[in-house]
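Colleague: Make a model of this:
(2 chains)
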Amino acid sequence: MTERALQTAIRECNTHGIRYTERQLFYAYAGQRQQTSQVWRRGLVGLVPIVAAQMLRRPAWGILGAMVVVGANRLQGAPRLRISPDEFERQRAAYVRHHGPPSGLLDDLTPPQPHHGPPSEPDLRDYAIPAALICQDADIAAMLLANDMHVRFACAVVTDPIPPEVLAMLARADEPRLYALHDASLEGLEWAYQLPAKYDVPLVAVGLRPAHAQRLQLLCQTSVASPADAPTWHTYYLSSAERTWLEAGYRAELAAVPPGDLLAQLERVLTRGAVSLLPREGRLAKITRLLLGKLG
Amino acid sequence: MTRFCAGWGASVTEIGGVEQVAASPLSLGLLPGTPSGGAGRYTQLDGAHMVGEVTLFDLPGARASLRRYTDVRTAAEVFLAAFMEQGPRALEHLPGAYAAAIWHAGALWLLRDVAGACTMFYAHTGGTWLASDSLYDLRSWAACPPRLDYRGLAAFLAFAYVPGADTLLAGYREVLPGEVLRIDADGLSAQRVGLPQEARAVAQSPEPHITALRADLETAVRSALPDDDIPVGVTLSGGVDSSLVTALAARMHTAPVHTYSLDFGPGKPDESAFSGLVAAHCGTQHHIVRIRERDIRRYFADTLRLLDAPVGDPLTVPNFILARAAAGDGLSVLLNGEGGDPLFGGPKNIPMLLYEYHRTEAAPADRYRAYLRAYRKCYEDLPFLLTPDAWRAVQATAPLDDIIAPYLGPNHLTQYVNKLMWANTALKGAHHILPKVGRLVAAQGMQARSPLFDPRIMARAFAIPPEYKLHGEVEKWALKQAVADVLPPPIIARPKSGMRVPVRHWLNGVLRHMAHELLLGRRARARGLFQPQMLRAWLRDETRPGDNAGVKLWLVLSLEMWLRIYLDGDDV
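Modeller: Here you go, the predicted model:
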């Protein structure tokens, strides 16, 4: 079952030839494993009212009861990451022994580096670039470059600090934009919040926010960071639900977003003017979410 | 409606040609009555013979440049005389649209104009050669039966056209723009002329460049206009390029100027506000050509039949319908604004600059492959799209790198943006844009003229410093400055958008049955080129983020229809 989970995770990460990081594969694997165990757990929990109803000779109550119990089970807070990196590493090593390196896995990540010395072409830095994507996580930046985000969407991909030549090229643009990609965590929000003070380029913080992690049902970790140490929450323009989520110690890494979804949402941001990583929501899905939110 | 053909060791009669000169081993002939248009002619002068199609943009100037043959009159005679006097270098001094086969100095010469407005194909087997400007006719040569060329297949899927000397038929080659081939008893030798030159002394201020460009634009548009009493048409999208051609034509031409724009119907992409604004500003007689979905199905095969190399651009059939409408109005010349993007800083330049900035690999081939990926067609899909057998056959051919290497690799150009411009004009310009508009318009009995691909404009574009073409992030800055006084300000300020075509709507509607048959039907499966599950995923609109599955499907559809006509011999 564990090997099948890893195979499914590799296939999902590598859809359409997308390249991905080990951390992204870890989350995909954990998602597969936890989804399987969750199905079993909900099945068992749902059986209880059905069996009870049979004993009371009220089968219809059983089905209704099972739906209520399973629904309530779904509303239980954020899904937590329960698979350890060690377990994943063991499975990955076993997979490599049998099948070779996972297809599309970036095993030699080269994060974007500041370019010192003369450019490869003399006029390379004489022009303007309209946008740059700054990543909190260097591995994510390397993954975006490996998937040609910069070529496909005319956007530089950088980490902090931004190389001066990129800043110079942004400064030549009429309406430059800096898009920030960060984790849904105290550190990630703090990092994004500091960027406007460091760089004189209009910033679009596209995510992740806690709301994104909640909506996307990302696997979260809990940290021991004390909310008392946190900066003033209102400076991040967080909703009360997001603050509650952070205060509860939750954090979600950008690597938890499936690689294909991350690229698709960035495409919306970079070419169609969307301002966050959330996928467009259908009307029915929105009503359901609001109803479930009220129930929760 | 005549195309031309030539043979060395083989007679043009083998492909249905009517022989004009038969002097073993040479054979020159014409292919009259072809539905694909063309104005092939036979010309002789002082022992030299030529079949070809020749339009010179500056006939008086070309005639004045002759030293010995001062009494020649027609464009074909002037061209042949110039070639006899100056040899292959004549192409550098003769702005025009031409392709020709010349028997001179004991050799057969095949040549094509510097921009690539006219086409020329050739094949050889066992020391014999046949050439023609029509691959459709040439492929009937029994000595070289048509087979699929797998490198051409990979190139088509990567570019959406077939660039370079390859074609989709094994053994058949295309003459490159500005290339002169000499065939004699020793075999074939090639020479390429008219390579772009950067300015040696660069003016600090942009004004002299902009002033000179404006003068060249007026000269090029004036050269492209028919005689003063003959109405002219212009395809007008409302972008800067077609708008500036419209504006200059309207200023300089005394007969009516007709403009034509596409309309895909209610709720579909619509640029009529921009084209209407320009038409009103310039006082043209404006026509909006409604593209009905059933017409796409009706003319799909006819359009592919006209193209010696398929083009996977969904605008191809609408272009054909537009040309029909213009011909219906009795026009003989249809101008267009093609060329502005590749020559003055088009949309692939910033992505390629960013690739170069982020590049960590030192191998030159990585740059070429990034250029292929920047097309955003099927290059990255090839291993998944092609069947294992087809993919193995593609891998057994030379990689596509050497198509791009002459332009983006080390060469005589020193500026990266100029290298990109050369790649864009020599590849997309000469193998997609110009042949496509030329054929679609010629099939309606008209002549397509692309003033922005005039060699004088091309020379000017390379002489302008790159930072005035791509100025900051503003593409085509110098071009926009040069015509800012003749266009409405919203047209100058308008960002490049490209004509959006409702391909997905077509595929889900009137083309649904045809698309499924062409993509997944018995004949397509028997050909064994594509993985059906990949095509089904595209039909469900599942593809790599940022890619357009509809555009990819259109590319494969066009290919399958073209193969049925050119490879299987289907009659349409």
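Colleague: Is the closest residue to residue B:11 other than its chain neighbours in a helix, a strand, or coil?
Modeller: In space, and not counting its chain neighbours, residue B:11 is closest to residue B:27: 4.6 Å by C-beta to C-beta, 6 or more residues apart in numbering or on different chains. (Each C-beta comes from the backbone N, C-alpha and C, glycine too.) Three-state call for residue B:27 (DSSP: H, G, I helix; E, B strand; the rest coil): strand.
Colleague: Touching, residue B:27 and residue B:19? I think so.
Modeller: Yes: between residue B:27 and residue B:19 there is a contact at 5.9 Å, judged by C-beta atoms under 8 Å.
Colleague: Please enumerate the shared neighbours of the two.
Modeller: Common neighbours of residue B:27 and residue B:19, counting by C-beta atoms under 8 Å, 6 or more residues apart in numbering or on different chains, are B:11-13.
Colleague: So which of the residues you listed wins on neighbours?
Modeller: Neighbour tally across the shared contacts of residue B:27 and residue B:19 (other C-beta atoms under 10 Å in any protein chain shown): the maximum, 30 neighbours, falls on residue B:12.
Colleague: Poorly predicted segments of the stretch 101-250 of chain B, please.
Modeller: Within the stretch 101-250 of chain B, the set of residues satisfying pLDDT under 70 comprises B:200-203.
Colleague: ok and the residue in it nearest chain A?
Modeller: Distances between the stretch 101-250 of chain B and chain A by C-beta to the nearest C-beta are smallest at residue B:198, namely 10.8 Å.
Colleague: wait, what's in contact with the residue nearest to residue B:11?
Modeller: Taking C-beta under 8 Å, 6+ apart as the contact definition, residue B:27 lies against B:6-8, B:10-13, B:17, B:19, B:21.
Colleague: ditto for residue B:424
Modeller: With C-beta under 8 Å, 6+ apart, residue B:424 has these contacts: B:341-343, B:346, B:348.
Colleague: who in the stretch 451-572 of chain B is up against chain A?
Modeller: B:466-467, B:470, B:472-474, B:543-547 (C-beta under 8 Å from any C-beta of the partner chain).
Colleague: Summarise which helices and strands the helix or strand bottoming out on mean pLDDT in chain B is packed against.
Modeller: The weakest-scoring helix or strand in chain B, judged by mean pLDDT, DSSP states H and E, is helix B:466-469 (a mean of 86). Using 3 or more C-beta pairs under 8 Å, 6 or more residues apart in numbering or on different chains; DSSP states H and E, the elements in contact with helix B:466-469 are helix B:416-423, helix B:477-482.
Colleague: could the shared contacts of residue B:27 and residue B:19 go into TSV alongside secondary structure and pLDDT?
Modeller: Below are the shared contacts of residue B:27 and residue B:19 laid out as TSV (DSSP: H, G, I helix; E, B strand; the rest coil; pLDDT from 0 to 100):
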residue	secondary structure	pLDDT
B:11	coil	95
B:12	helix	95
B:13	helix	95
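Colleague: Return the member of those residues nearest to residue B:50.
Modeller: residue B:12 (13.8 Å; C-beta to C-beta).
Colleague: which residue sits closest to that closest one in space, ignoring its chain neighbours?
Modeller: Closest residue to residue B:12 apart from its sequence neighbours, by C-beta to C-beta, 6+ apart: residue B:29 at 3.4 Å.
Colleague: Could you give the separation of the strand or helix carrying residue B:244 from the chain centroid?
Modeller: Counting by DSSP states H and E, the element that carries residue B:244 is helix B:240-252. Between the centre of helix B:240-252 and the centre of its chain there are 21 Å (C-alpha atoms, centre = their mean, to the nearest Å).
Colleague: repeat for stretch B:436-454
Modeller: Between the centre of stretch B:436-454 and the centre of its chain there are 10 Å (C-alpha atoms, centre = their mean).
Colleague: Report the buried residues of that stretch.
Modeller: Using 16 or more other C-beta atoms under 10 Å in any protein chain shown as the test for burial, stretch B:436-454 gives B:436-444, B:446-454.
Colleague: rewinding a little: what is the neighbour count of the residue of the stretch 101-250 of chain B closest to chain A?
Modeller: Under the neighbour criterion other C-beta under 10 Å, residue B:198 is assigned a count of 15.
Colleague: Identify the residues contacting it.
Modeller: Residue B:198 is in contact with B:413-415, B:418, B:462-463, counting by C-beta under 8 Å, 6+ apart.
Colleague: Give me the distance between it and residue B:342.
Modeller: According to C-beta to C-beta, to the nearest Å, residue B:198 and residue B:342 sit 16 Å apart.
Colleague: Quick check, residue B:86 in contact with residue B:93.
Modeller: Yes: counting by C-beta under 8 Å, residue B:86 does reach residue B:93; the two are 7.1 Å apart.
Colleague: First residue to last residue on stretch B:41-61, what's the distance there?
Modeller: Taking C-alpha to C-alpha, to the nearest Å, stretch B:41-61 runs 22 Å from one end to the other.
Colleague: Now it: average pLDDT?
Modeller: The average pLDDT within stretch B:41-61 is 94.
Colleague: Which single one of the shared contacts of residue B:27 and residue B:19 is nearest to residue B:559?
Modeller: Of all the shared contacts of residue B:27 and residue B:19, residue B:559 sits closest to residue B:12, with 29.3 Å by C-beta to C-beta.
Colleague: which non-adjacent residue is nearest the closest residue to chain A within the stretch 301-450 of chain B?
Modeller: Using C-beta to the nearest C-beta, the single residue of the stretch 301-450 of chain B nearest to chain A is residue B:416, 3.6 Å away. Leaving aside its chain neighbours, residue B:416 sits nearest to residue A:121 (3.6 Å; criterion: C-beta to C-beta, 6+ apart).
Colleague: show me the contacts for the one you found.
Modeller: Residues in contact with residue A:121 (C-beta under 8 Å, 6+ apart) are B:356, B:415-416, B:419.
Colleague: Next, give phi and psi for the most centrally placed residue in chain A.
Modeller: The residue lying closest to the centre of chain A (C-alpha atoms, centre = their mean) is residue A:257, at 2.9 Å. Dihedral pair for residue A:257: phi -80, psi 130, per degrees, to the nearest 10.
Colleague: so it touches residue A:215, yeah?
Modeller: No: taking contacts as C-beta under 8 Å, residue A:257 lies outside contact range of residue A:215: 11.3 Å.
Colleague: Redo the contacts of residue A:121 as TSV? Include neighbour count.
Modeller: As requested, the contacts of residue A:121 are exported to TSV (neighbours: other C-beta atoms under 10 Å in any protein chain shown):
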residue	neighbour count
B:356	19
B:415	19
B:416	23
B:419	24
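Colleague: Show me the two of these that sit farthest apart.
Modeller: The most distant members of those, if one measures by C-beta to C-beta, are B:356 and B:415, lying 12.2 Å apart.
Colleague: which parts of the stretch 251-400 of chain B sit against chain A?
Modeller: Residues of the stretch 251-400 of chain B lying near chain A by C-beta under 8 Å from any C-beta: B:350-360, B:370, B:373-374, B:376, B:380-381, B:383-384.
Colleague: what's the spacing between stretch B:164-179 and its chain's center?
Modeller: Put simply, stretch B:164-179 sits 13 Å off its chain's centre (C-alpha atoms, centre = their mean).
Colleague: Output it as PDB, nothing but the C-alphas.
Modeller: Coordinates of each C-alpha in stretch B:164-179 appear next as PDB, following Å, rounded to 0.1, in the frame of the first residue of the first chain:
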ATOM      1  CA  GLY B 164      14.600  25.600 -41.900                       C
ATOM      2  CA  ALA B 165      15.400  23.300 -44.900                       C
ATOM      3  CA  ASP B 166      13.300  20.400 -43.600                       C
ATOM      4  CA  THR B 167       9.900  19.500 -44.900                       C
ATOM      5  CA  LEU B 168       7.400  16.900 -43.700                       C
ATOM      6  CA  LEU B 169       8.300  14.700 -46.700                       C
ATOM      7  CA  ALA B 170      11.600  12.700 -46.400                       C
ATOM      8  CA  GLY B 171      14.000  13.600 -49.200                       C
ATOM      9  CA  TYR B 172      12.300  16.900 -50.000                       C
ATOM     10  CA  ARG B 173      14.000  20.100 -48.900                       C
ATOM     11  CA  GLU B 174      13.200  23.800 -48.900                       C
ATOM     12  CA  VAL B 175      15.500  26.600 -50.100                       C
ATOM     13  CA  LEU B 176      16.200  29.000 -47.200                       C
ATOM     14  CA  PRO B 177      15.500  32.700 -47.500                       C
ATOM     15  CA  GLY B 178      18.400  34.400 -49.200                       C
ATOM     16  CA  GLU B 179      19.900  31.100 -50.200                       C
END
